[in-house]
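Student: Kindly generate the corresponding structure for this input.
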Amino acid sequence: MTELVSVMNMMFQVSILFFVMDELTTFNIAEDGVSWSIPANFDTYEILYSEKPVSAIKDANTPMTFKTNSGVYGSIHEAALYDFPEMTLQHREGTSFKSNLAPWPDGVKVKKPNHFTTAWRTLQIGDKAVDLINSGLILNLNPPCQLETTDWIEPMKYVGVWWGMHVGVETWTMGDRHGATTENAKNILTLHLKMASGVFCLKVGMMVGRIGAVINVLNIRNLLQISI
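Tutor: Numbering: from 1, shown residues only. As a prediction, this is how the structure comes out:
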């Protein structure tokens with residue numbers, strides 16, 4: 001009898017792995033309008049926003065914000081995203097979009113044992129653009145802050161060569177407009193000293209000769225000689 005109970009316990013401890021191949025959530029916007037979004041990308045959000053008709057969006061990362069032709073503002077996003085693939089929006093037809101989850105390398109969207117909780121799908125609507133900012137929807141759908149105190153958090157200013165390359169003023173690749181140079185890094189250091197923000201971070205590429213490398217080791221030593 002003891003052996004039988006032991007076997008039954010072992011059977012109930014086995015986890016079942018569920019595969020989710022797709023999510024069928026759709027967002028059907030009643031009419032066309034103007035939108036602000038970046039293309040769907042599972043690796044980065046560091047892409048310039050574009051303004052285009054809602055019906056002209058091929059795919060988009062969330063939040064995807066829009067204003068309908070009748071003047072209603074809206075924004076599609078998600079909340080409480082924990083241990084679940086992020087959602088992008090895939091254009092279906094007209095002003096209709098379908099959820100598209102970031103997949104595993106084998107194409108499976110979700111692999112979960114026994115049971116799991118999905119992220120919230122959110123749609124904020126307002127008469128004015130500022131209504132979207134003032135909405136507490138996403139904040140309330142996420143759990144409360146787990147930090148006991150937040151008085152140590154202070155707003156800071158950021159300076160760097162990074163965004164010059166994102167907006168097209170400079171380039172990642174080597175050439176006349178290459179942005180990740182020692183000269184640019186020194187200019188940033190000088191600007192930082194004038195700002196006196198108290199915090200400084202210099203991202204450095206250590207692979208000399210690699211396209212997009214920032215500074216080689218010798219130049220790093222030269223930079224460290226600058227008095228801060």
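
Student: any low-confidence regions in this protein?
Tutor: Residues of the chain meeting the criterion pLDDT under 70: 1-15, 196-228.

Student: now do 50
Tutor: 1-14, 205-228 (pLDDT under 50).

Student: packing partners for the helix ranked longest in it?
Tutor: Longest helix in the chain, counting residues (DSSP state H): helix 182-195. The contact analysis (3 or more CB pairs under 8 Å, 6 or more residues apart in numbering; DSSP states H and E) places helix 182-195 against helix 217-224. Where C-beta positions appear, they are placed from N, C-alpha and C, glycine not excepted.

Student: Quick one: residues in contact with stretch 124-131.
Tutor: 67, 71-75, 77, 132, 135, 137-138 (CB atoms under 8 Å, 6 or more residues apart in numbering).

Student: who's in contact with residue 91?
Tutor: Going by CB under 8 Å, 6+ apart, residue 91 touches 57-59, 97.

Student: Please flag which of those residues sit within strands.
Tutor: Members of the contacts of residue 91 lying in strands (criterion: DSSP state E): 59, 97.

Student: Could you export the contacts of residue 91 as CSV, including distance to residue 147 and neighbour count?
Tutor: Output for those, formatted as CSV (distance: CB to CB, whole Å; neighbours: other CB atoms under 10 Å):
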residue, distance to residue 147, neighbour count
57, 37, 20
58, 39, 10
59, 35, 17
97, 35, 24
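
Student: If you drop the residues flanking it in sequence, what lies closest to the residue most central in space within the chain?
Tutor: Nearest residue to the geometric centre of the chain (CA atoms, centre = their mean): residue 45, 4.5 Å. Computed as CB to CB, 6 or more residues apart in numbering, the closest residue to residue 45 that is not its neighbour in sequence is residue 61, at 6.1 Å.

Student: burial of that neighbour, as a residue count?
Tutor: As a burial measure, residue 61 scores 20 neighbours (other CB atoms under 10 Å).
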